[in-house]
Structures are given as C-alpha cells and as structure tokens.
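**Q** sequence and predicted structure, then a few things I'm wondering about:
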Amino acid sequence: MPLPTQVAWLFLVAIPVACIAWTVTHEEVFKEPREYCIKQSIDRKTLLGRKFFYLFTCEYCFSHYVAVFILVLTGYKLLMDDWREYLLAGFAIVWVANIYMSLFALIKVDIKKEGLMTKNEEEQANHKN
C-alpha cells in the first residue's frame, strides 16, 4: 500500500478507536460498569487485579486494546513488511486516537463553559427584571 494511503488509513482507523475508547471510559452509557471497574482498581488485593480493572477506566490504556482489535479486524499495516508493521501501526493508531480524544475533550469543555456562561447571563437578566 502506498505511503499516502497508509497515512490516510491511519487517520481513519483511529476514529473508531477513539470513539470506542472514549465511550467506554467517559460516557454515561457505561457509567455503572466503569464505576465497578474504578472500585475494583482500588480495592483489589493484587497489583495485577488492580491494573486489569484500571485498564477499563483510562482512555489511553483502553485505546491500546481497542487498537489491537481494530488491527485484527482491518489488517492495517504501517511502513514495513514483517511483524514490526503491526507494532508500528498499533502505536500510531493509539497516538492519533488520543489526539482525537484530547481534541474532543477540549471541545466538550468549551461547549460546557459556553452553556454555563449563557445560563449565568440568563439568570442575571432574570434578576434585573
């Protein structure tokens, strides 16, 4: 596959990785399982047990597992013609996916901030009346 096509695939394949990792680790739909995992990541007696459950609460950590799944699903490879291509592809996908998640988090914070500012202005206008 030509390099420009590989790069395009990299940025496209990272989208579902980011989406899945963010949804599982942040969104309301997975709140109860995430809270269970948070509790287990604190309360488990063994280091391995704590770290296993922590993986489901951290978008960066979880994105590695999602990236492996996506690599198996798509067969995406990056730059080389041996096993190293999967290793490079996996880390590159995680890196791009985490850029996407960081941008999404910034946008979400900005939207929330705008909403709070609007609400505050509306309350001030109501108090004047």
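**A** Structure received.

**Q** the bottom helix or strand of this structure by mean pLDDT?
**A** helix 84-128 (a mean of 88; mean pLDDT, DSSP states H and E).

**Q** give the other helices and strands that it contacts.
**A** Packed against helix 84-128, as judged by 3 or more C-beta pairs under 8 Å, 6 or more residues apart in numbering; DSSP states H and E, are the following elements: helix 3-26, helix 59-74. For every residue, glycine as well, the C-beta is placed using N, CA and C.

**Q** as TSV, those with mean pLDDT would be great.
**A** Below are the helices and strands packed on helix 84-128 laid out as TSV (pLDDT from 0 to 100):
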stretch	mean pLDDT
helix 3-26	94
helix 59-74	94
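
**Q** about what we covered before: between the least confident helix or strand of the chain and helix 59-74, how big is the angle?
**A** Helix 84-128 and helix 59-74 are oriented at 130 degrees to each other (axes from the mean of the first three to the mean of the last three C-alpha atoms, to 10 degrees).
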